[in-house]
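> The sequence isn't on hand, but the structure is:
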């Protein structure tokens, strides 16, 4: 009987460790504050060209071209970003925001729409961010307006995590080696 109790304890400990390790890999990115570089396109619309998570407040550098074609950069702090995101969210509520239109994100969006599309969770809270991402058009337009390497990398990691699970010891769940020796195969 003592041998069975040890096996149960060892199995329970292994399951607990697996759940702790798996929990550490859960994505926590949506609510993180962001540092963005947003660039105006030739059509007057904006896209995100750089995005990085930050421990500090959300902020952005806005690159725009003047009438002579010179690029100017200006800084936007979290308060300004939040104000624009809130204005655009009101348009979402009214159904007039380009972020929820069928082809709203093609070629970029207005500055407020771009900020809302990329940083809704960190600026307005997770509930609003999740609600917006559940909208098919918003999600598509958000992806289209974000051309940063960080966004592409995060999307790639998310799709890889969902397609192949890892076993406790790092092997793929598709491979299975069976041994009759014990917990560690010995």
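Great, that's in hand. This is a predicted model, so every value here is computed, not measured.
> which residues in the protein form helices?
2-24, 78-94, 111-124, 126-133, 136-145, 149-163 (DSSP state H).
> Comparing these by mean pLDDT, which bottoms out?
Across those, helix 2-24 has the smallest mean pLDDT, namely a mean of 50.
> which residues touch residue 40?
By C-beta atoms under 8 Å, 6 or more residues apart in numbering, residue 40 lies in contact with 46, 62-65. The way it works is simple: take the backbone N, C-alpha and C, and place the C-beta from them, glycine included.
> One more pass at 10 Å, please.
By C-beta atoms under 10 Å, 6 or more residues apart in numbering, residue 40 lies in contact with 46-47, 62-65, 71-72, 108, 111, 114.
> cool, residue 48 as well?
Applying C-beta under 10 Å, 6+ apart, we find residue 48 in contact with 34, 36-39, 60, 108, 114-115, 117-119, 142, 145-148, 150-151.
> What of residue 88?
96-99, 109-117, 120, 124.
> rerun that using 6 Å as the cut-off
Residue 88 sits next to 97, 112-113, 116 when contact means C-beta atoms under 6 Å, 6 or more residues apart in numbering.
> distance of it from residue 65?
22 Å (C-beta to C-beta, to the nearest Å).
> Just the buried residues of stretch 80-96, please?
81-82, 84-85, 88-89, 91-92 (16 or more other C-beta atoms under 10 Å).
> Distance to residue 129 for the residues you listed - can I get that in CSV?
Shown next, in CSV, are these (distance: C-beta to C-beta, whole Å):
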residue, distance to residue 129
81, 14
82, 13
84, 15
85, 10
88, 13
89, 10
91, 16
92, 12
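> so what's residue 128 closest to, chain neighbours aside?
Leaving aside its chain neighbours, residue 128 sits nearest to residue 120 (5.9 Å; criterion: C-beta to C-beta, 6 or more residues apart in numbering).
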